[in-house]
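[1] What would the 3D arrangement of this be:
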Amino acid sequence: MFGMSWHEMMIVGVIAILLFGKRLPEVAKSLGNSYREFKRGLADFHSQVDLTDTSTPTKSYGTTARSSSYNRDPDDYEEATAPRFDPPPSEPKSS
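    Coordinates of the predicted model:
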């Protein structure tokens, strides 16, 4: 469980008993409820992301995604423009 041997689990259990004592069942129940709420919130988040993400196509490395990107009309692209260059004012002439 969790990549821990039974020796390590025993040490964690003893430390938990020393820290929480008689409140250990309450603490374990509270941690369980918190974990359950976290998983529920995470599932809600994933379902919202999946519902809103259906309008955008998913990227794929297959031929479908490649062929659709190459079949675009060239008029759909905006023309690239460079920023306007203003030359610096002339240097002041010494008198």
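[2] Which parts of the chain are strands?
    Here the chain has no strands by DSSP state E.
[3] Any regions of this structure where pLDDT drops low?
    The model of the chain has pLDDT under 70 over residues 1-2, 50-77, 95.
[4] cutoff 80 now
    Applying pLDDT under 80 to the chain flags the ranges 1-2, 50-83, 85, 87-88, 90-95.
[5] pull the longest helix from it.
    Longest helix in the chain, counting residues (DSSP state H): helix 24-52.
[6] so what secondary structure elements neighbour it?
    On a contact count with 3 or more CB pairs under 8 Å, 6 or more residues apart in numbering; DSSP states H and E, helix 24-52 meets helix 6-20. (C-beta placed from N, C-alpha, C; glycine too.)
[7] tell me what the helix it packs on is packed against?
    Here helix 6-20 touches helix 24-52, going by 3+ CB pairs under 8 Å, 6+ apart.
[8] Going by neighbour count, which residues of the helix it packs on are buried?
    For helix 24-52, a neighbour-count test (16 or more other CB atoms under 10 Å) marks nothing as buried.
[9] how many degrees apart are it and helix 6-20 in direction?
    Inter-element angle recorded for helix 24-52 and helix 6-20: 110 degrees (by axes from the mean of the first three to the mean of the last three CA atoms, to 10 degrees).
[10] Ile11 and Val27, how far apart?
    Distance from Ile11 to Val27, counting by CB to CB, to the nearest Å: 18 Å.
[11] And for Phe45?
    Computed as CB to CB, the Phe45 to Val27 distance reads 27 Å.
[12] Gly21 now?
    Per CB to CB, Gly21 is found 10 Å from Val27.
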